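Peer 1: let's see this in three dimensions:
(2 chains)
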Amino acid sequence: MRMSRLFGKTLRQTPAEAETPSHQLLLRAGLVHQVAAGVYAFLPLAWRTLQNIERIIREEMDAAGGQELMMPAIHPIELWQASGRDQAMKDILFRFSDKRDREFVLGPTHEEVIVELFKRNIRSYRDLPLLVYQIQQKFRDEPRPRGGLIRLRQFTMKDLYSFDTDFEGLDLSYRKMYEAYIRIFDRCGVPTIPVLADSGAMGGRDTHEFIYLTEYGEDTCLLCPKCGYAANADVAAFVKEPAHTAEEPKPIEEIPTPGLYTIQALADHLGIPTSKTCKAVFYSADGEPVFVAIRGDMDVNETKLSRALRTVDLHYMSEDEVVAAGFVPGSAGAVGLKGVRIIADDLLPREVNLVAGANKPDAHLLNVNYGRDWQADTLTDIALAVEGSLCSATSDKQGECRTPMDVRRGIEMGQVFKLGTFYAEKLGATYLDAEGKQRPAVMGSYGIGTERLLAAVVEANHDERGIIWPAEITPFQVHLVALQPERDEVGTAAEKLYGRLQTDGFAVLYDDRDETPGVKFNDADLLGMPLRVTVSPRTLEKGSLELKRRSEAESELVPLDEGPSRIKASLAS
RNA sequence: CGGGGCGUAGCGCAGUUCGGUAGCGCACUUGAAUGGGGUUCAAGAGGUCGCCGGUUCGAAUCCGGCCGCCCCGACCA
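Peer 2: Okay, the predicted model is just below:
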């Protein structure tokens, strides 16, 4: 490709809308263009890279036994009503009607459609296991697209679905995908770690997310430096210990606390740690008010809470809702509370003499004890793990690991789910086993977002000058720079080399523009091809070319006639 | 959806306080010089000042409404 003809222009200044390095570089290198919030166009350099990413994914999916197919982006709403996900995912579904007022959705994912296909084509256990995938556009009306390509509303996903006869088969399919994912991210030059995750609106049991750790990520993970436990904060377990066990329970006592509306203010006033208090939080669970109690120094994990309540729509109550539900903000407490569901963190029964709201304005209670003074309708783990929380992973030999965990941000590069029989039962994906009995297929689903992967590749492979493309996904292998190409000897030598390298099968970007050396070198660094080859009056005087790898600072001169072989060798190493 | 910020040329910005008919740098076009890390000079082209309405002799600027985009949170495979 001649750079003078390349569609896409580099920018000297970074557009103000971009904050993360990957977003800034993608814009500055002229790779992408934003059309609307979370909607992007991909220019030739980006498109070549995305196709390389897709090629790697296809190779690994095929190697794992996957068969590629293609499903539509337009789905009749009935398909989504049948699974119930027209409600579960209603906030992110793009919906529309055709001219006969038929309702459709733009597919945010394809479990419903693949199950349809399964039903039409699979009858027998002999047809299983089945691994099918597609690389398809997904549409999700995300509440907040962000970070350039990190969270899009229209994006491309490789989604593979596995169907097995039983859970042992699912474990095997899951394992295959898990390993394929490790290879894919490795080949793309993005270091990822698998972490335990929440299955969210997808339903199902086991699930891992493949996380690329970066401060620009939107997911939070807890990592144990000792035993390797890794989990999304949504589901992270940890060891909870009572803070004050040596005390005897004391009689309850009401004290005036005007103006003390926060746990911190209350604890400061009384000269006690926040772990000596019981915090009240109000949620609306599918429209029902819920009183949530947790130790004052801890925060509620809404994913755990949502699971415990088995709710579809869970949200923090607004001021109005709190008042309407009859709660007393600032002094709410569970003691004597009636007519509302109470859910408490399972650590509370092990604490003694806590300070809690008196459930009337400007008053709190001292020495509140679970069991004696109040009880919850539901008692379970609803606490959020934080930096330093103790690892609760267990091994046969030592019991709980108990090492303080680290908190890191990360980007979710892919997720693998064991869906189980949820969709099969809901939508009727069954097969006949060897005894002629009808049984539900056991499903798994496995996704990778390609644009997000592109963003992570740039995030993980750049320096202050620009992108440094990993070998397998680079849009071009060689960036051929001709300095003063209008001079006959330079132009001739560069053109000849350009032709020769292409004949030899290299992908070459040839900077044939009439620009100064500084401009060309800076663009070469910004665009980030692995190998820069310079032809100039200066190199030709010595009968040579200059080779410089993007990842290294030094360059070397090689004789003209050795050019092609040296370039080949350099790219192979 | 809550909080914050921003919309003036392709990109980065000034001008808005105090109303007088739009400017700077980069990029772009033409010419010349230069030629190994965003070189220089000269001459150009390019703007419904996000949109609608109002006030006014006159609105980028004041008033009202709306829209879009970014960030934090909520939410989210």
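Peer 1: would you mind measuring from the residue of the stretch 251-400 of chain A found nearest RNA strand B to residue A:552?
Peer 2: Using Cβ to the nearest atom of the strand, the single residue of the stretch 251-400 of chain A nearest to RNA strand B is residue A:302, 4.1 Å away. Glycine gets a C-beta too; all of them are placed from N, C-alpha and C. To residue A:552, residue A:302 is 47 Å away according to Cβ to Cβ, to the nearest Å.
Peer 1: quick revisit: and the residue of the stretch 251-400 of chain A closest to RNA strand B, what pLDDT?
Peer 2: Reported pLDDT at residue A:302 in the predicted model: 88.
Peer 1: how many residues are close by it?
Peer 2: 17 (other Cβ atoms under 10 Å).
Peer 1: measure it to residue A:162 for me?
Peer 2: 30 Å.
Peer 1: how far does stretch A:426-439 sit from its chain's centre?
Peer 2: 34 Å (Cα atoms, centre = their mean, to the nearest Å).
Peer 1: ok, stretch A:342-362 next?
Peer 2: On Cα atoms, centre = their mean, the centre of stretch A:342-362 falls 36 Å from that of its chain.
Peer 1: kindly report the same for stretch A:162-178.
Peer 2: Worked out by Cα atoms, centre = their mean, stretch A:162-178 lies 22 Å from the chain centre.
Peer 1: do stretch A:361-371 as well
Peer 2: 42 Å.
Peer 1: ok so residue A:260 is a strand residue?
Peer 2: No: per DSSP: H, G, I helix; E, B strand; the rest coil, residue A:260 lies outside any strand segment and is coil.
Peer 1: what's the nearest residue to it if we skip its chain neighbours?
Peer 2: residue A:266 (4.8 Å; Cβ to Cβ, 6 or more residues apart in numbering).
Peer 1: could you list the buried residues of whichever helix or strand that neighbour is part of?
Peer 2: With elements taken from DSSP states H and E, the one containing residue A:266 is helix A:263-270. Neighbour-count burial for helix A:263-270, counted by 16 or more other Cβ atoms under 10 Å, picks out A:263, A:266-267, A:270.
Peer 1: residues near residue A:529, how many?
Peer 2: When neighbours are counted by other Cβ under 10 Å, residue A:529 comes out with 24.
Peer 1: that one and residue A:151, how far apart?
Peer 2: Residue A:529 is 28 Å from residue A:151, by Cβ to Cβ.
Peer 1: what's the answer for residue A:86, then?
Peer 2: 22 Å.
Peer 1: who has more neighbours, these two?
Peer 2: residue A:151 (21 against 18).
Peer 1: need the contact list for the nearest residue to that one once chain neighbours are set aside.
Peer 2: Excluding its sequence neighbours, the residue lying closest to residue A:151 (Cβ to Cβ, 6+ apart) is residue A:145, at 5.1 Å. By Cβ atoms under 8 Å, 6 or more residues apart in numbering, residue A:145 lies in contact with A:37-39, A:151-153.
Peer 1: those strands in the stretch 401-550 of chain A, which residues are they?
Peer 2: Assigned by DSSP state E, counting those that start in this stretch, the strands in the stretch 401-550 of chain A fall at A:406-420, A:430-432, A:438-440, A:442-449, A:462-463, A:466-467, A:478-482, A:508-511, A:531-535, A:544-549.
Peer 1: how far is the third one from where the chain is centred?
Peer 2: In terms of Cα atoms, centre = their mean, the gap separating the centre of strand A:438-440 from the centre of its chain is 33 Å.
Peer 1: now it: mean pLDDT?
Peer 2: On average, strand A:438-440 scores 96.
Peer 1: and if you look at the second one?
Peer 2: Looking at strand A:430-432 alone, the average pLDDT works out to 97.
Peer 1: could I get the buried residue list for that strand?
Peer 2: Those would be A:430-431, for strand A:430-432 by 16+ other Cβ under 10 Å.
Peer 1: helices or strands up against the host helix or strand of residue A:322?
Peer 2: For residue A:322, the host element (DSSP H and E) is helix A:319-324. Counting contacts by 3 or more Cβ pairs under 8 Å, 6 or more residues apart in numbering; DSSP states H and E, helix A:319-324 packs against strand A:278-285.
Peer 1: which strands or helices does the strand it packs on pack on?
Peer 2: For strand A:278-285, the packing partners by 3+ Cβ pairs under 8 Å, 6+ apart are strand A:288-295, helix A:302-309, strand A:314-316, helix A:319-324, strand A:354-357.
Peer 1: how about residues contacting the first one?
Peer 2: Put plainly, it is strand A:288-295. Outside strand A:288-295, the residues touching it (Cβ under 8 Å, 6+ apart) are A:243, A:275, A:277-284, A:300, A:305, A:309, A:317, A:321, A:325, A:327, A:332, A:334, A:337, A:340-345, A:347-348, A:351, A:354, A:356, A:376, A:382-383.
Peer 1: partners of that strand in the sheet?
Peer 2: Applying DSSP bridges, strand A:288-295 is found paired with strand A:278-285 (antiparallel), strand A:341-345 (parallel).
Peer 1: list the residue ranges of chain A that fall below the pLDDT cut-off.
Peer 2: A:200-204, A:319 (pLDDT under 70).
Peer 1: if we ignore the residues flanking it in sequence, what's nearest the residue nearest to the spatial centre of chain A?
Peer 2: Central residue of chain A (Cα atoms, centre = their mean): residue A:412, 2.0 Å from the mean position. Nearest residue to residue A:412, sequence neighbours excluded (Cβ to Cβ, 6+ apart): residue A:209, at 4.8 Å.
Peer 1: residues of the stretch 351-500 of chain A that sit close to RNA strand B?
Peer 2: A:412, A:415, A:417, A:447-449, A:465, A:483-484, A:486 (Cβ under 7 Å from any atom of the strand).
Peer 1: picking up where we left off before, tell me the contacts of the residue nearest to the centre of chain A?
Peer 2: A:197, A:209-211, A:217, A:219, A:452.
Peer 1: interface residues of the stretch 1-150 of chain A facing RNA strand B?
Peer 2: Residues of the stretch 1-150 of chain A lying near RNA strand B (Cβ under 7 Å from any atom of the strand): A:9-17, A:19-20, A:34, A:36-38, A:88-89, A:91-92, A:108-109, A:138, A:140, A:142-148.
Peer 1: where exactly do the helices run in the stretch 151-300 of chain A?
Peer 2: Remark: helices assigned in the stretch 151-300 of chain A by DSSP state H, counting those that start in this stretch are A:167-187, A:263-270.
Peer 1: appreciated, that's everything.
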